[in-house]
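Asker: Kindly generate the corresponding structure for this input.
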Amino acid sequence: MDSAGDADYPAGSTPGPERSVMTDSKIIYTHTDEAPLLATYSFLPIISAFAATAGVALETRDISLAGRIIAAFPEYLTPEQRIGDALAELGALTLRPEANIIKLPNISASMPQLKEAIAELQGQGYALPDYPDSPKTPEEKLIRARYDKVKGSAVNPVIREGNSDRRAPASVKQYARSHPHPMGAWSGDSQTNVAHMSTGDFRSSEQSVVIEQAGTLRIELAADGGATTVLREPVPVQVGEVVDASFMSVAALRPFLEAQIARAKDEDVLFSLHLKATMMKVSDPIIFGHGVRAFFPTLFARFGEKLAAAGGDPDDGLGALIQAAQSLPDDERKGVEAAIRQDLAIGPRLAMVDSDNGITNLHVPSDVIIDASMPAMIRTSGHMWGPDGKEADTLAVIPDSSYAGIYQVVLDDCRANGAYDPTTMGSVPNVGLMAQAAEEYGSHDKTFEIPAAGVVRVVDGSGNTLMQHRVGAGDIWRMCQTKDVPIRDWVKLAVTRARVTGAPAVFWLDETRAHDANLIAKARAYLPEHDTSGLQIAFMAPTKAIAFSLERIRRGEDTISVTGNVLRDYLTDLFPIMELGTSAKMLSVVPLIAGGGLFETGAGGSAPKHVEQLVKENYLRWDSLGEFLALAASFEHLARTTGNARAQILADTLDRATAKLLNENKSPARRVGQIDNRGSHFYLALFWAEELAAQPEDTVLAAAFSPFAQTLQANEQTIADELLAVQRRPVDLGGYYRPDPAKAEAVMRPSRTFNEALALLGR
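Answerer: Below is the predicted model of the structure:
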C-alpha cells in the first residue's frame with residue numbers, strides 16, 4: 001500500500017475517478033489544500049465527465065500537506081490509512097514526456113501549520129508521532145527529518161522540472177480592462193516606505209562559483225575552538241552548475257530591526273515585517289523570530305526563559321508565545337499578557353492581519369507573505385490595517401536587500417504618479433528560472449542556524465575551499481544551486497516568448513551581485529544559440545528593470561520579466577494583483593524539460609480566509625479561473641502531444657466558455673447571497689456545453705452535448721436556487737487540513753438537479 005506507483009487511495013479519501021495505470025491520455029489533477037481543495041470537490045466531477053467524451057481520463061494525486069504527512073509515516077498507520085508518496089510519483093512523472101499535470105496551490109507549511117495538521121490528523125485517528133522540537137534520540141531525529149521534508153515549499157522543487165511561463169491570457173486582461181477592480185488613491189504625502197539592511201545581510205555576503213568538474217561538495221564549520229563539524233555532505237554538483245553561499249549576521253540584524261521599530265514610532269506609521277517563511281522555511285522563520293524579540297523586549301527580558309521552557313518559540317510567532325503562556329501559573333500568565341500590552345503601548349502601531357480579533361503582523365510567520373502582502377499594500381494606497389481597524393501608512397521591513405528595493409521603486413512611482421489604472425495599464429508576464437530546484441534559497445538542508453562562531457567552508461572533493469564565511473553564533477548561513485541545463489532552457493524560453501509576443505525581454509540581473517554575474521555570463525553565452533534578430537533583449541539590475549517596466553505599463557505597453565526563482569514568485573503576484581486584482585487569474589505554464597507539461601493554477605494566499613467564510617456561512621468565494629485556464633492549456637498540450645483532436649476541441653470551447661463566464665459576470669461575487677465558487681462551476685459547465693453543442697468540427701461530440709446543454713438551460717433557475725439556498729448557515733467539513741470527503745462533497749455539490757444531469761452526461 002505504501003508504494004507510490006500503484007497505491008490506491010483509501011475509499012473516499014480523494015475526489016475523482018479511481019486511479020489506474022498511466023497512459024498517454026491521462027491528465028493528473030492534484031488534490032491539495034484549503035479553498036482549492038474544496039473547489040476540487042465541485043469542479044472535478046464536471047471536468048471528468050467532459051474529458052471522458054474525448055477519451056481523456058482525469059486522475060488525482062494527493063500532494064496536500066496532510067497527504068504528505070501521512071505518506072511520510074506508513075509504519076505508524078493502519079493498512080487502510082496508508083497512502084502512497086504521490087509527490088515522489090509526480091516527481092518521477094515529470095521526467096517523462098507524457099507528463100500532463102494540473103497543479104493547484106498547496107500549503108507551503110510553516111511550523112505552526114505543520115503542528116496544527118499533525119494534531120488534526122492525530123485527532124482523526126492517525127497515530128502519527130509528535131513533532132520533536134528538541135530531538136535527542138536517533139528515532140526523534142529521524143522523525144524530525146521526515147517532518148522537515150514536508151515543511152515549506154516541499155512540493156515545488158520536486159515537480160518543477162521546467163521553467164515558468166506566467167502571463168495574463170488575453171481574455172482575462174480584456175475583462176480586467178472592461179471591469180476594472182478598485183485601486184486605492186495615492187497621495188504624494190504618503191509616508192509608506194521599505195526598509196532593508198545595507199550590510200550584514202545575504203546580499204552583501206554572497207559568494208558564487210561555477211563548478212568546473214562534476215563531483216560532490218562538503219559544507220563544514222570550523223569553530224573558533226578548533227573543532228570542525230560537517231554540516232552537510234555529500235552535496236552532488238554538475239559541470240557548469242552555479243553554486244552560491246551567503247549568510248545573514250544576527251549581530252547586524254538585531255540592531256537593524258530595533259532601528260526600524262524606532263523609526264516607525266518616530267514617523268508615526270505602522271510597523272510591518274514582510275518575509276517568506278513558507279518558501280524559505282529554514283531562514284525566514286528565524287528572521288521572523290528575531291523580529292518578535294525586537295518588538296517585545298519587555299516580554300523577553302521578564303519571561304523569555306519561562307516561555308521557552310513552556311515550549312514557546314518566537315520563530316513560531318507571538319501567537320505561539322501566547323499559547324505557551326496558557327500553561328504557566330496564573331500570575332506568570334497574567335505577567336506575560338501585561339508585558340505584551342506594555343510593549344505594544346511603548347512601540348509603534350503594529351500592522352494587523354485581523355484587527356477585529358487582535359491578530360498582529362507578528363502572530364504567525366505564514367500570515368504575512370511578502371509576495372502577496374506587498375502588492376496588496378500597494379493596491380490599497382500604500383496602507384495596511386492598524387490596531388484601530390483603520391488603514392494607515394506603513395514601514396514595510398524587508399531585512400534582506402536582494403530584492404527589497406523593487407518595492408521602494410513602486411512606492412515612489414505611485415507617490416509621484418498616482419495609482420495604476422487597470423483599464424489602460426500594460427502587462428508584465430514572467431519567464432522564471434526554477435527548474436531542478438534552481439535558486440531554492442533558505443528552504444532546504446543546506447541552510448543552517450550556526451551554533452558557534454567560526455568559519456563555514458564549502459569544500460570540493462579534492463579538499464579545495466571554494467567559498468568561506470566568518471560567522472557568529474546564531475547567524476543564518478545558506479547555500480543554493482542552479483544547474484546549467486535549466487539556465488539554458490530559461491534563456492531559450494525567454495527568447496521564445498519574446499519572439500511570440502514581440503515584447504522586450506528584460507533579464508532582471510545585477511552585475512554587482514555574485515550570483516547574478518555568473519548568470520549574466522551564462523545567458524550572454526547561450527543567447528547566440530537562438531535567433532534573436534529583431535528582438536529587444538536587455539540585462540538590468542532589478543531596481544532599474546522595475547522602473548523600466550513601470551514606465552512602460554503606464555503607457556499600456558508589455559514587458560517580459562526574465563527572472564530567477566524568488567523574483568518569479570514576487571513579480572507574478574505584484575503585477576497581476578495590480579493588473580487583474582488577483583494573481584489567481586494568471587495562466588501559469590511550466591514546459592517540462594523532458595517534453596511534458598505542468599500547468600499551475602495561480603496563488604493560494606487568500607485560501608485560508610475563504611475556508612473560514614465557508615465554514616461560517618457556507619459561501620466559498622474562491623475563484624477557480626486559474627483552474628479553468630490551466631485545464632484549457634492542459635487539453636491543448638494533450639492534443640498536441642497525442643494527436644487527440646477532441647482534446648483540442650475541449651480546449652478551444654473551454655476558452656470560449658471562460659470568456660463568456662467573465663463577460664456575463666458569473667465569477668464568484670463578493671457577498672453572501674450571490675453566486676459563489678459552486679455557482680461559477682455550474683455556469684462554466686453550461687457555457688462549455690453550449691459551445692461544444694454548437695461547434696461544427698465534431699458532430700458526434702456536438703450531439704453528445706446538445707441534450708446536456710438543453711437540460712442545464714431548462715433548469716438554470718432551479719439549479720441556481722439550489723446553490724443559493726444553502727448559504728448563510730455554518731457547515732462542518734470534518735477537518736481543515738484533511739476534510740471528511742463525504743462531508744466536503746455534500747457541501748460542495750448541493751444542487752441535486754445539477755448532479756443528476758451531470759451523472760447522465762455521456763450515457
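
Asker: any idea how far the helix or strand hosting Ile286 is from the chain center?
Answerer: When elements are assigned from DSSP states H and E, Ile286 belongs to helix 283-295. Computed by C-alpha atoms, centre = their mean, to the nearest Å, the chain-centroid distance of helix 283-295 equals 21 Å.

Asker: how about the CA coordinates for that helix, as CSV?
Answerer: This file holds the C-alpha atoms of helix 283-295, laid out as CSV (Å, rounded to 0.1, in the frame of the first residue of the first chain):
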residue,chain,number,x,y,z
SER,A,283,15.9,31.0,7.2
ASP,A,284,12.8,33.2,7.3
PRO,A,285,11.1,31.8,10.5
ILE,A,286,14.4,32.5,12.3
ILE,A,287,14.4,36.1,11.0
PHE,A,288,10.8,36.4,12.0
GLY,A,289,11.6,35.2,15.5
HIS,A,290,14.2,38.0,15.8
GLY,A,291,11.5,40.5,14.7
VAL,A,292,9.3,39.2,17.5
ARG,A,293,12.1,39.5,20.1
ALA,A,294,12.9,43.1,18.9
PHE,A,295,9.3,44.2,19.1
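
Asker: Name the residues that touch that helix?
Answerer: Applying C-beta atoms under 8 Å, 6 or more residues apart in numbering, the set of residues contacting helix 283-295 from outside is 110-111, 248, 250, 253-254, 257-258, 261, 271, 273, 275-277, 300, 313-318, 321, 343, 347, 350, 362, 365, 397, 399, 441-443, 447, 449, 476, 478. For glycine as for every other residue, the C-beta is placed from the backbone atoms N, C-alpha and C.

Asker: Show me what the very next helix or strand once past that helix packs onto, helices and strands only.
Answerer: Next in sequence after helix 283-295, counting helices and strands by DSSP H and E, comes helix 297-309. When contacts are defined as 3 or more C-beta pairs under 8 Å, 6 or more residues apart in numbering; DSSP states H and E, helix 297-309 packs onto helix 318-325, helix 330-346.

Asker: what sits up against stretch 720-731?
Answerer: Counting by C-beta under 8 Å, 6+ apart, 614-619, 672-676, 678-679, 682, 743, 747, 750-754 sit against stretch 720-731.

Asker: Quick check on the residues you listed: which are buried?
Answerer: By neighbour count, with 16 or more other C-beta atoms under 10 Å, these hold 614-615, 617-619, 675-676, 678-679, 682, 747, 750-751, 753-754 as buried.

Asker: and of those, the nearest to Ala39?
Answerer: Nearest to Ala39 among those, counting by C-beta to C-beta, is Arg678 at 8.4 Å.

Asker: what distance separates the helix or strand of the chain with the lowest mean pLDDT from the centre of its chain?
Answerer: Across the helices and strands of the chain, mean pLDDT, DSSP states H and E gives its lowest value to helix 155-159, namely a mean of 78. Averaging C-alpha positions (C-alpha atoms, centre = their mean) puts helix 155-159 12 Å from its chain's average.

Asker: Just after that helix, pick out the following helix or strand.
Answerer: strand 164-167.

Asker: partners of that following strand, with directions?
Answerer: strand 430-432 (antiparallel), strand 587-591 (antiparallel) (DSSP bridges).

Asker: Those: which one's closest to Leu509?
Answerer: Between the strands paired with strand 164-167, strand 430-432 lies closest to Leu509; by C-beta to C-beta that is 12.7 Å.

Asker: Tell me where the model's unsure across the stretch 351-500 of the chain.
Answerer: Within the stretch 351-500 of the chain, the segments meeting pLDDT under 70 span 443.

Asker: picking that back up, out of the strands paired with strand 164-167, deepest packed?
Answerer: Counting by mean count of other C-beta atoms under 10 Å, strand 430-432 has the highest mean neighbour count of the strands paired with strand 164-167, with a mean of 26.

Asker: got a list of what Ala639 touches?
Answerer: Per C-beta under 8 Å, 6+ apart, neighbours of Ala639: 645-648, 651.

Asker: And the pLDDT at Ala320?
Answerer: Per-residue confidence at Ala320 stands at 94 (pLDDT).

Asker: The one 5 residues further on now?
Answerer: The predicted structure scores Ala325 at 96 on the pLDDT scale.

Asker: And for it, nearest residue in space, chain neighbours not counted?
Answerer: Val336 (4.1 Å; C-beta to C-beta, 6 or more residues apart in numbering).

Asker: that older thread, the helix holding Ile286: which residues count as buried?
Answerer: 283-295.

Asker: quick one, that helix and helix 318-325 angle?
Answerer: 70 degrees (axes from the mean of the first three to the mean of the last three C-alpha atoms, to 10 degrees).

Asker: Report the angle between helix 283-295 and helix 330-346.
Answerer: 90 degrees.

Asker: Please identify the helix or strand for the residue lying closest to Pro236 once chain neighbours are set aside.
Answerer: The shortest distance from Pro236 to any non-neighbouring residue, by C-beta to C-beta, 6+ apart, is to Thr216 (5.5 Å). Taking DSSP H and E as the criterion, Thr216 maps to strand 215-223.

Asker: Run the chain-centre distance for that strand.
Answerer: With C-alpha atoms, centre = their mean, you get 31 Å for strand 215-223.

Asker: per-domain residue ranges of the protein.
Answerer: 26-161+593-760, 193-199+250-417 (automatic domain parsing).

Asker: how far does the shortest one sit from the chain's center?
Answerer: Meaning domain 193-199+250-417. Distance, centroid of domain 193-199+250-417 to centroid of chain: 21 Å (C-alpha atoms, centre = their mean).

Asker: Any stretches of the protein with poor pLDDT?
Answerer: Along the chain, segments meeting pLDDT under 70 span 1-24, 152-154, 443, 602-606, 762-763.

Asker: can we see that at 50?
Answerer: 1-23 (pLDDT under 50).

Asker: contacting residues for Asn417?
Answerer: Arg554.

Asker: Please apply the same query to Phe247.
Answerer: So Phe247 contacts 202, 205, 450, 456, 469, 471, 475-478 (C-beta under 8 Å, 6+ apart).

Asker: Closest to Ile46 out of the residues you listed?
Answerer: Nearest to Ile46 among these, with distances taken as C-beta to C-beta, is Arg478, at 43.8 Å.

Asker: quick one: Ala703 from Leu761, how far?
Answerer: Look at Ala703 and Leu761: by C-beta to C-beta, to the nearest Å, they are 13 Å apart.

Asker: what's stretch 513-528 in contact with?
Answerer: 203, 206-210, 240, 242, 244, 402, 433, 482, 484, 487-488, 490-492, 495, 507, 509-511, 537, 539, 564.

Asker: Restricting to C-alpha, output that stretch in PDB.
Answerer: What follows is stretch 513-528, C-alpha atoms only, in PDB (Å, rounded to 0.1, in the frame of the first residue of the first chain):
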ATOM      1  CA  ARG A 513      25.900  40.600  -7.300                       C
ATOM      2  CA  ALA A 514      28.000  37.400  -7.400                       C
ATOM      3  CA  HIS A 515      25.200  35.000  -8.400                       C
ATOM      4  CA  ASP A 516      23.800  37.300 -11.000                       C
ATOM      5  CA  ALA A 517      27.200  38.000 -12.500                       C
ATOM      6  CA  ASN A 518      27.600  34.300 -13.200                       C
ATOM      7  CA  LEU A 519      24.000  34.100 -14.700                       C
ATOM      8  CA  ILE A 520      24.700  37.100 -16.900                       C
ATOM      9  CA  ALA A 521      27.800  35.400 -18.300                       C
ATOM     10  CA  LYS A 522      25.900  32.200 -19.000                       C
ATOM     11  CA  ALA A 523      22.900  33.900 -20.500                       C
ATOM     12  CA  ARG A 524      25.100  36.000 -22.800                       C
ATOM     13  CA  ALA A 525      26.900  32.800 -23.900                       C
ATOM     14  CA  TYR A 526      23.600  31.000 -24.600                       C
ATOM     15  CA  LEU A 527      21.700  33.700 -26.400                       C
ATOM     16  CA  PRO A 528      23.700  33.300 -29.700                       C
END
